[in-house]
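Engineer: A predicted structure for the sequence below; I have some questions about it.
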Amino acid sequence: MTPGLMLGVDIGGTGLRAGLVRADGSSPVPLVDVPRGPDLRGQLAEIAGGLLGPAAAAGMRVTGAGIAVPGHLDPRTGLVSSAPGAEDLLGLDPRDIDLGPVQVTHVVNDANAALIGEWLHGAARGARSALGVFVGTGVGGGLVAGGALFTGSSGTAGEIGHLPLLPDGPRCPCGGRGCLQQLASGTAVARWYGERTGQAVAGAAAVAAAARAGDRLAQEAFARAGEWLGVGIATALNLLNTEIVVVGGGVAAAWDLLGPRLTRTANRLTMPATAAACRIVPTALGRRAGVVGAALARTLVPGALMKHGTGDGDDR
């Protein structure tokens with residue numbers, strides 16, 4: 001029997017990832033990475049069965065599961081209380097999702113989970129302070145301060161995607177205007193490109209492919225997103241002064257298109273001493289970050305929702 005594994009599930013705005021994770025962050029089987037379907041509960045049960053059945057047959061012991069959700073959880077009820085850009089998850093209680101023989105032991109915000117993965121076993125490993133910026137359907141963020149995950153008084157600290165950078169800008173699902181995620185997310189990249197070309201665009205990945213094929217407008221779409229992300233990161237750094245910023249998420253896979261403008265803008269707008277003390281780097285774990293963090297977050301997230309209520313890492 002192998003040492004215990006955790007099942008990590010990362011529910012995204014449009015995607016769904018899951019995998020088995022060892023304490024050292026490694027995985028004995030490939031990550032499951034699929035689009036999110038209309039029947040989330042059924043899809044998760046099927047994915048869990050596909051991972052847990054072979055694991056048990058191979059003598060791998062799975063001791064629990066952690067779920068990351070793209071929203072915030074009401075600590076009194078355990079329900080997803082807000083999910084800007086993923087409103088179909090409102091009211092969901094992730095602890096009641098059936099994962100077969102494995103119990104859900106904790107539930108965390110997806111951006112916090114991704115930062116935990118990078119902090120434990122990725123680009124931010126060993127950092128005393130770190131800002132995570134995760135660019136996908138929206139823009140999520142997480143914050144490590146003083147060697148611990150910092151979630152703030154309401155659990156929403158680190159939400160860089162909702163910095164109001166353009167007060168008269170596009171309306172955001174959070175209720176604000178001109179939030180960073182309305183200017184620099186994958187959704188924003190595809191929307192900006194589609195509006196200027198008159199073409200229906202499947203998503204930011206299609207725009208990235210066009211950019212690499214020499215499409216100037218597609219290249220500009222990513223440069224524009226990088227510019228806004230740089231502005232947002234500089235704003236956060238001038239306040240937080242973290243030693244590292246990790247940029248991840250599906251859109252960050254196009255780091256060659258996004259990264260140069262992002263880093264130049266952030267360094268130009270950040271106070272010199274702050275910029276000199278900080279590194280801005282792409283994810284080391286890629287799409288595994290949220291799965292690793294979801295699996296291993298149990299003892300690291302203040303007030304993480306547990307299967308039978310709220311707690312600080314202990315079963316209730």
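Structural biologist: Yep, it's here.

Engineer: hmm, Gln181 is touching Gly85, no?
Structural biologist: Yes. Between Gln181 and Gly85 there is a contact under Cβ atoms under 8 Å: 7.4 Å. (C-beta placed from N, C-alpha, C; glycine too.)

Engineer: of these two, who's got more company?
Structural biologist: Legend: neighbour count by other Cβ atoms under 10 Å for Gln181 and Gly85, higher for Gln181 (30 against 22).

Engineer: low-confidence stretches in this structure?
Structural biologist: 1-3, 303, 305-316 (pLDDT under 70).

Engineer: can you list the buried residues in stretch 218-236?
Structural biologist: By 16 or more other Cβ atoms under 10 Å, the buried positions in stretch 218-236 come out as 218-219, 221-236.

Engineer: whoops, stretch 93-112 was the one
Structural biologist: 94-95, 97, 99-100, 102, 104-112.

Engineer: for the residues you listed, work out which two are farthest apart.
Structural biologist: Gly100 and Ala111 (27.2 Å; Cβ to Cβ).

Engineer: need phi/psi at Val139.
Structural biologist: phi -130, psi 110 (degrees, to the nearest 10).

Engineer: leaving out sequence neighbours, find the closest residue to Arg171.
Structural biologist: Spatially, and ignoring its direct neighbours in sequence, Arg171 is nearest to Arg177 (5.7 Å; Cβ to Cβ, 6 or more residues apart in numbering).

Engineer: so of the buried residues of stretch 218-236, which ones are in strands?
Structural biologist: In strands, defined here by DSSP state E, there are no members of the buried residues of stretch 218-236.

Engineer: keep only those of those residues that are in helices.
Structural biologist: Of those, the ones assigned to helices by DSSP state H are 218-219, 221-236.

Engineer: assign a three-state SS to Leu143, would you?
Structural biologist: strand (DSSP: H, G, I helix; E, B strand; the rest coil).

Engineer: what about it, how many neighbours?
Structural biologist: Neighbours of Leu143 (other Cβ under 10 Å): 23.

Engineer: wait, it touches Gly155, no?
Structural biologist: No. Using Cβ under 8 Å, Leu143 is not in contact with Gly155, being 11.7 Å away.

Engineer: from Pro170, how far out is the residue nearest to Arg171?
Structural biologist: Arg177 sits 7 Å away from Pro170, taking Cβ to Cβ, to the nearest Å as the criterion.

Engineer: do Arg264 as well
Structural biologist: From Arg264 to Pro170 the distance is 24 Å (Cβ to Cβ).

Engineer: now the strands: where do they sit in the protein?
Structural biologist: 2-11, 15-21, 32-35, 60-69, 72-73, 80-82, 104-109, 130-135, 139-145, 148-149, 244-248, 279-282, 305-306, 309-310.
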